[in-house]
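S.K.: kindly generate the corresponding structure for this input.
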Amino acid sequence: MEAVESGSDGASRSQRRVGILYDERMCRHHTPDDEPHPENPNRIRAIWNKLQAAGITQRCEVLNAKEAEDKYILSVHGKSHVDLIRNISSKQFNSRRNRIASKFNSIYLNEGSSEAAYLAAGSVIEVAKRVAKGELDSAFAIVRPPGHHAEHDEAMGFCLYNNVAIATNFLLNEKELGINKILIVDWDVHHGNGTQKTFWKDPRVLFFSVHRHEFGSFYPASDDGDYTMIGEGPGAGYNINVPWENGQCGDADYLAVWDHILIPVAKQFNPDMILISAGFDAAVGDPLGGCRVTPYGYAMMLKKLMDFARGKIVLALEGGYNLTSISNSALACMEVLLDDKIVAGSTEAYPFESTWRVIQAVRQELKAFWSVLADELPTKLTSQKAPIAQILMSSSDSETEDVEELLQDVIQPLSTLRVDEDHHVLAESASVSWRSDLSKIDIWYATFGSNMWKPRFLCYIEGGQVDGMQKPCSGSMDKSPPKDILWKTFPHRLFFGKESTRTWGLGGVAFLHPESKNEDIVHMCLYKITLEQFNDVLLQENVSSYDMSSPLFDLSSLDCSKEKGSIDLEAVKNGWYHNVVYLGMEQDIPILTMTCDMSEIENFKSGKVPLRAPSEDYAKTLIRGLVEGGQLSEEEAVSYIKDAATKPL
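M.R.: Modelled structure (predicted):
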């Protein structure tokens, strides 16, 4: 499918002229025999579908993809490399293609690779040209394969041609465009080694990359991404690396780098145009990145850059391997380009101590080139730091506040991916066979809190948020709606506790006493979902930093819960709903719910953790669920919630 021009109705388009480019032909690049791989066609499909569903594409100029001409690619890559990529998809390479791919670092090749590589490079050129000419204010090129790792004579890291570097040289060499200084911002979680090497001695290009580095151990596993790598000759000072010492960096860390390095230098540099290597693999939940940036964080980073170059910004997709994360992050960025209200978020958290250490090292290294970095940062500022444990966040009612230790970071970095001669990806993160197994098993998920209202529960399945929620949910991998819904009452106690949540603000949230008593009664809405979906709901209800290469709750866990009545999930012990309780069978299908454990009941009883009535928005959601579910009248529902909130535990 080739994209077509749309949005000619001026009344339906935002005042800002924003371009967007997507072409299904780039999906023809995939692994031989469709073996599983994190860099797959669904990445760009998911983004495109999300933007369409949100009405974004209708407000933009949808552009046609164009293949890049060799002369433009040759400004970055050597002739032998261009010849290889141009011809690799031809029949004459059929018997040798896998063997050639195996000689590169983290590369696969198939019959569609040549076309996709040319379209990706040409598409970034096309949108950049339109923005440079003033035909568009800004644009987003949804392209693959990505590009920032590709070097002069080498494909690597899923990248065949360096799309952003090729477009940058195009802009600088086409003198009539009037683009003389370009800022490249690479916020992909991996260092943009190929882009850096292209402009190493070029003062016309300020290259800025913030990335996991971990002293050279994180992909691409070299010293290229160190803060001491600042450029050479006339390009000295025009290469800025911000190398994270650890994973789990989030919004606060990235925005601190923006405020204390990138934005001051950008003001002094004063670019004519900005190109963003927009990888979304630093996003929450990415299987390769292991960082914590939210859609709000990406939106704020982009918003701060809109003040430069008269907003002439081009985003080109790089990495990002969690389909929900990249879709939500891309949507947040498009809303910024369209000058919409930024997605709700918070900057209350502080950066890590290591973040301040890296920021100060970068400023010290570059202060001779950028006077705005010469001043020491005040101790009052740099003393505001977070321990790593505080970054555990959830997209649900269950916000972890008093976390004592961080879950082990088991997310597998890109550097562990390698390719054998038949090009099978040898990475645990690509193995999700448990999903296929558990997708065949149905359970009833019994809900007693805000999830009793179906639209609220669907946030955990489909993603998104409803009125009253202060942040969205990421959704499940399988977004199929519940197969059935029914209501039942159980002899358990409903109560409300905790001071506040990020989802609902001040006020308690619902808990279920794990033990049953005949005098108690709780109304529960049961959703028939798969055990796979239940795992994704568990993740969102507790903590969103867990390696889902294995399930939280499998068939053996189910058997154990049946035998013991409940099972405590150690992997999400710091979450509020880590105790899965078995409530019996319905239609020969097990009924499960999730709540706190008995030790936390004692904390509520003693006052160590406060009992507290729910906020108005949260209570309204519960009442709405009970009323629309046909269980209680509105008056009865109000009384039911009030009794649960005021009766001593």
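
S.K.: now stretch 465-479, how far from the centre of its chain.
M.R.: Here stretch 465-479 is found 14 Å from its chain centre; the criterion is Cα atoms, centre = their mean, to the nearest Å.

S.K.: what's the end-to-end length of that stretch?
M.R.: 15 Å (Cα to Cα, to the nearest Å).

S.K.: state the mean pLDDT of it.
M.R.: Per-residue pLDDT over stretch 465-479 has a mean of 86.

S.K.: with stretch 443-453 instead?
M.R.: Taken as a whole, stretch 443-453 carries a mean pLDDT of 97.

S.K.: same check, this time on stretch 306-316
M.R.: For stretch 306-316, the per-residue pLDDT averages 97.

S.K.: what residues sit buried inside it?
M.R.: Residues of stretch 306-316 classed as buried by neighbour count (16 or more other Cβ atoms under 10 Å): 306, 308-309, 311-316. Placement of C-beta: from N, CA and C, glycine included.

S.K.: one more: stretch 91-111?
M.R.: Buried residues in stretch 91-111, counting neighbours by 16+ other Cβ under 10 Å, are found at 93, 97-98, 101-102, 104-111.

S.K.: of all the residues you listed, which comes closest to Tyr298?
M.R.: Distance to Tyr298 across those (Cβ to Cβ) is lowest for Ser106, with 24.4 Å.

S.K.: surely that closest one and Met156 touch.
M.R.: Yes: counting by Cβ atoms under 8 Å, Ser106 touches Met156, with 6.3 Å between them.

S.K.: quick one: low-confidence ranges for the stretch 351-500 of the chain?
M.R.: Low-confidence segments of the stretch 351-500 of the chain (pLDDT under 70): 387-432.

S.K.: lowest-confidence helix or strand of this protein?
M.R.: strand 500-501 (a mean of 80; mean pLDDT, DSSP states H and E).

S.K.: immediately after it, which helix or strand?
M.R.: Where DSSP states H and E defines the elements, the next helix or strand beyond strand 500-501 is strand 505-506.

S.K.: ok, the helix or strand following that next one: who's next to it in the sheet?
M.R.: Moving toward the C-terminus from strand 505-506, the next helix or strand (DSSP H and E) is strand 509-512. Sheet pairing of strand 509-512 (DSSP bridges) gives strand 494-497 (antiparallel).

S.K.: can you list contacts of the partner strand?
M.R.: The contact list for strand 494-497, computed with Cβ atoms under 8 Å, 6 or more residues apart in numbering, reads 448, 507-513, 522, 604, 609-614, 644-645, 647, 649.

S.K.: so how do I select the buried members of these in PyMOL?
M.R.: Buried residues among the contacts of strand 494-497 (16+ other Cβ under 10 Å), as a PyMOL selection:
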select buried, resi 448+507+508+509+510+511+512+513+522+604+609+611+612+613+614+644+645
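
S.K.: re the thing from before, now flag whichever of the buried residues of stretch 91-111 is closest to Leu255.
M.R.: Relative to Leu255, the closest of the buried residues of stretch 91-111 is Ser106; by Cβ to Cβ it sits at 30.1 Å.

S.K.: for that closest one, give its distance to Leu288.
M.R.: Going from Ser106 to Leu288 by Cβ to Cβ, to the nearest Å gives 10 Å.
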